[in-house]
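**Student:** Just the structure for this:
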Amino acid sequence: MRIRITLLSLLASLLSTGFVFTSAPVANAGCRDYPESVTPACAAQNLAEEQARQAADTLQRAQDLIDAENRAKAQAAQEYVANGSRPCSVYPASITAACAAENLGVEQEKQKSAIDKQAQALLDAEEKAKENAEKDYIANGSRPCTLYPASITPECSAENLAYETKRQVAAAAKFQEDIIEAEQKALKQAQDDYIRNGSRPCSVFPASTTPECAAANLKYEEIKKVEIAAITTARETSTKSLITTKDDNGSLLVVSNIPKGVDLLTTKVKLLNSKGKLVDTGEIRYDSAGKPYFVFDKQVAKGNYKIELSIPKKKAATIAIKL
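**Tutor:** Take a look at the predicted model:
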C-alpha cells in the first residue's frame with residue numbers, strides 16, 4: 001500500500017510540473033558552454049532538455065516502484081507456500097493469539113524435523129565410514145595390523161612394511177603382464193588384419209607407402225570394387241544365404257553362411273568338382289561391411305561343385321554349389 005501511495009504521488013508531481021512531451025527542439029552545438037548557454041535559444045533548449053530528463057527520471061522511479069511491488073508480491077507468495085500455504089503465516093493474522101500458537105507449533109515441528117534430519121545425516125555418515133573402513137580392512141588383507149593403534153606398534157610396522165613391499169612387487173609384475181598381454185593382442189590383431197587384406201606384404205606399413213606397393217594396393221582395391229559391385233547386384237535379385245555370381249573379370253564369387261568350426265583366418269579354401277578333383281584354390285575377402293566372400297579366379301563351367309574349407313585336426317567342412 002505504501003509503495004502504491006508513493007507511486008501516485010510521483011505521478012501527481014509529474015503532472016503538476018506541467019511537463020508536455022513534445023519533440024525536443026533541435027540541439028544547437030555548444031548550448032552547454034558559456035556564453036552561448038545564456039542566449040534565449042540555448043536557454044530554451046537547455047530548459048527543455050532538463051525537463052525531459054526529469055520527466056524520464058520520474059517515470060523510471062515509478063517503474064522501479066512497480067517492479068519492487070511485484071517482487072515483494074512474488075516473495076510473499078513464495079514465503080506463503082514455504083510456510084505451508086497457511087493463512088496464519090500472513091500478517092496481520094499471524095499476530096493473533098490463535099495464529100501465534102499455531103505458528104509456534106509449526107516452527108517447533110520444523111526445528112524438530114531439522115534436528116532429526118541432522119541426526120540421520122550423522123548416522124548415515126557413520127555407517128558410510130564403517131563400510132569404507134571394512135573395505136579398506138579387506139583391501140589390506142584383513143590384517144589386524146592395519147588398524148590403529150595396533151598399526152603403529154613395532155611388530156605391526158614391520159609386518160605392514162613387508163606387506164606393502166610384497167604388494168608393490170605383485171603390482172609391478174601385474175603391470176608387466178598387462179603390457180605383454182596388450183602386445184600379444186596387438187600382434188594378433190595385426191596378423192588378423194594381414195590375413196583379411198589378402199596376406200599381402202604390401203598391406204603392411206611401412207611397405208604399404210612405397211610407390212610399388214601403393215600401385216599394388218590401388219589395383220587390389222579396384223579388383224575388390226568390381227567384386228563387391230557384382231555381389232551387390234546379385235543380392236538385389238536373391239534373398240538366399242547362398243549366392244553365386246561372376247564379376248566383370250570372370251572370377252567366381254560365392255557368398256555363404258560359414259560352416260560351424262571353420263576359422264576364416266586359418267582355413268584353406270578349395271573348389272572341387274563333382275568327382276572331388278581340385279578345380280581351383282580360392283581366397284577369402286571381405287566387403288565394406290566386414291562380411292566374407294570366396295573368390296575363385298579360374299574360369300569354371302556349369303555343373304555341381306563343392307567349396308572345401310579345412311579345419312585343423314578335423315574333417316574339412318564343405319559348401320555345395322551349383323553353377
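
**Student:** element containing Glu126?
**Tutor:** According to DSSP states H and E, Glu126 maps onto helix 97-139.

**Student:** what about that helix, distance to the chain center?
**Tutor:** Centre-to-centre, helix 97-139 and its host chain are 36 Å apart (Cα atoms, centre = their mean, to the nearest Å).

**Student:** which helices and strands does it pack with?
**Tutor:** Contact partners of helix 97-139 among helices and strands, from 3 or more Cβ pairs under 8 Å, 6 or more residues apart in numbering; DSSP states H and E: none. From N, CA and C alone the C-beta is placed, and that goes for glycine too.

**Student:** Moving C-terminal from it, which element do we reach first?
**Tutor:** Next along the chain after helix 97-139, taking DSSP H and E as the criterion, comes helix 154-196.

**Student:** ok so, going back, what angle do the helix holding Glu126 and helix 154-196 make?
**Tutor:** 80 degrees (axes from the mean of the first three to the mean of the last three Cα atoms, to 10 degrees).

**Student:** and Lys302, what element?
**Tutor:** Going by DSSP H and E, Lys302 is not in any helix or strand.

**Student:** And for it, nearest residue in space, chain neighbours not counted?
**Tutor:** Leu323 (4.9 Å; Cβ to Cβ, 6 or more residues apart in numbering).

**Student:** Could I get the contacting residues of that neighbour?
**Tutor:** Contacts for Leu323 (Cβ atoms under 8 Å, 6 or more residues apart in numbering) come out as Thr244, Leu252, Val300, Ala301, Lys302, Gly303, Tyr305.

**Student:** buried subset of these?
**Tutor:** With neighbours counted by 16 or more other Cβ atoms under 10 Å, those contain buried members at Thr244, Leu252, Val300, Tyr305.

**Student:** which among those residues gets closest to Lys275?
**Tutor:** Nearest to Lys275 among these is Tyr305, at 10.4 Å by Cβ to Cβ.

**Student:** Can you classify the closest one as helix, strand or coil?
**Tutor:** When classified by DSSP: H, G, I helix; E, B strand; the rest coil, Tyr305 comes out as strand.

**Student:** Wait, it touches Val279, no?
**Tutor:** Yes - using Cβ atoms under 8 Å, Tyr305 is in contact with Val279, at 6.9 Å.

**Student:** Identify the contacts common to these two.
**Tutor:** With Cβ under 8 Å, 6+ apart, Tyr305 and Val279 have common neighbours Leu271, Leu272, Asn273.

**Student:** Can you tell me which of these end up in strands?
**Tutor:** Counting by DSSP state E, the shared contacts of Tyr305 and Val279 place Leu271, Leu272, Asn273 in strands.

**Student:** I only care about these that end up buried; give me the PyMOL line for that.
**Tutor:** Typed into PyMOL, the next command selects the buried ones out of those (criterion: 16+ other Cβ under 10 Å):
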select buried, resi 271+272
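
**Student:** and which of the ones in strands among the shared contacts of Tyr305 and Val279 is nearest Thr232?
**Tutor:** Leu271 (22.4 Å).

**Student:** Quick one: residues contacting the closest one.
**Tutor:** Contacts of Leu271 by Cβ under 8 Å, 6+ apart are 252, 278-282, 296, 298, 300, 305-308.

**Student:** Identify the residues contacting Asp192.
**Tutor:** Leu265.

**Student:** And it, how far from Leu264?
**Tutor:** 10 Å (Cβ to Cβ, to the nearest Å).

**Student:** all strands of the stretch 201-323 of the chain, in order?
**Tutor:** Counting by DSSP state E, counting those that start in this stretch, the stretch 201-323 of the chain has these strands, from start to end: 243-246, 252-255, 269-273, 278-281, 283-286, 292-296, 304-311, 314-322.

**Student:** any low-confidence regions in the chain?
**Tutor:** 1-29 (pLDDT under 70).

**Student:** thinking again about what came up before, of the contacts of Leu323, closest to Glu134?
**Tutor:** Of all the contacts of Leu323, Glu134 sits closest to Thr244, with 65.8 Å by Cβ to Cβ.

**Student:** That closest one contacts Arg235, doesn't it?
**Tutor:** No - assessed by Cβ under 8 Å, Thr244 is found out of contact with Arg235, at 11.8 Å.

**Student:** ok, of the ones in strands among the shared contacts of Tyr305 and Val279, which one's closest to Asp136?
**Tutor:** Leu271 (65.5 Å).

**Student:** so what's the closest one bridging to?
**Tutor:** Going by DSSP bridges, Leu271 is paired in beta bridges with Asp280, Ile307.

**Student:** now the contacts of Leu323 as JSON lines including distance to Ser157?
**Tutor:** Listed next are the contacts of Leu323 as JSON lines, based on distance: Cβ to Cβ, whole Å:
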{"residue": "Thr244", "distance to Ser157": "77"}
{"residue": "Leu252", "distance to Ser157": "77"}
{"residue": "Val300", "distance to Ser157": "81"}
{"residue": "Ala301", "distance to Ser157": "87"}
{"residue": "Lys302", "distance to Ser157": "87"}
{"residue": "Gly303", "distance to Ser157": "85"}
{"residue": "Tyr305", "distance to Ser157": "79"}
